[in-house]
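**Q** I'll drop the sequence and a predicted model, then ask my questions.
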Amino acid sequence: MEAKYVLILDFTIGCLNIIELTGEELKASEEYEDFEEFLSTLECKYGFRLKNSQWMVTETLSIYHYKDGKEVADAELV
């Protein structure tokens, strides 16, 4: 699986950062044996702190928003 998207959940401020990696970033990530080491190089650029977060990577991204047990279409996430 190619790590095209990185989702970073900052549990100290309740923030979800969704980063779509650029081609240049994808190429740079291949130089690291540990993907988390690569992510640490992006902290300043994208404004997150790994020590306060959980992260995951995915090749594709789908987002669903639910309220009161039902999916909410085109709703503003707050």
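**A** Done, it's in.
**Q** low-scoring stretches of the protein, by residue?
**A** 1, 74-78 (pLDDT under 70).
**Q** residue at max distance from the center of it?
**A** Most distant residue from the mean C-alpha position of the chain: residue 68, 25.6 Å away (CA atoms, centre = their mean).
**Q** quick one, what contacts the residue nearest to residue 21 when sequence neighbours are not counted?
**A** Distances taken as CB to CB, 6 or more residues apart in numbering place residue 4 nearest to residue 21, at 6.0 Å, with adjacent residues excluded. Just so you know, the C-beta spots here come from the backbone N, C-alpha and C atoms, and that holds for glycine as well. Counting by CB atoms under 8 Å, 6 or more residues apart in numbering, residue 4 makes contact with 20, 21, 26, 57, 58, 59, 60, 61.
**Q** now render these as CSV, adding distance to residue 12.
**A** Below are the contacts of residue 4 laid out as CSV (distance: CB to CB, whole Å):
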residue, distance to residue 12
20, 24
21, 24
26, 28
57, 21
58, 23
59, 28
60, 28
61, 23
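**Q** bridging residues for residue 18?
**A** Following DSSP bridges, residue 18 is listed with bridge partners residue 7.
**Q** tell me which residues in stretch 52-60 are buried?
**A** The neighbour-count check on stretch 52-60 (16 or more other CB atoms under 10 Å) flags 53, 55, 57 as buried.
**Q** and for stretch 40-52?
**A** Buried-residue list, stretch 40-52, by 16+ other CB under 10 Å: 42, 48.
**Q** excluding sequence neighbours, find me the nearest residue to residue 6.
**A** residue 19 (4.5 Å).
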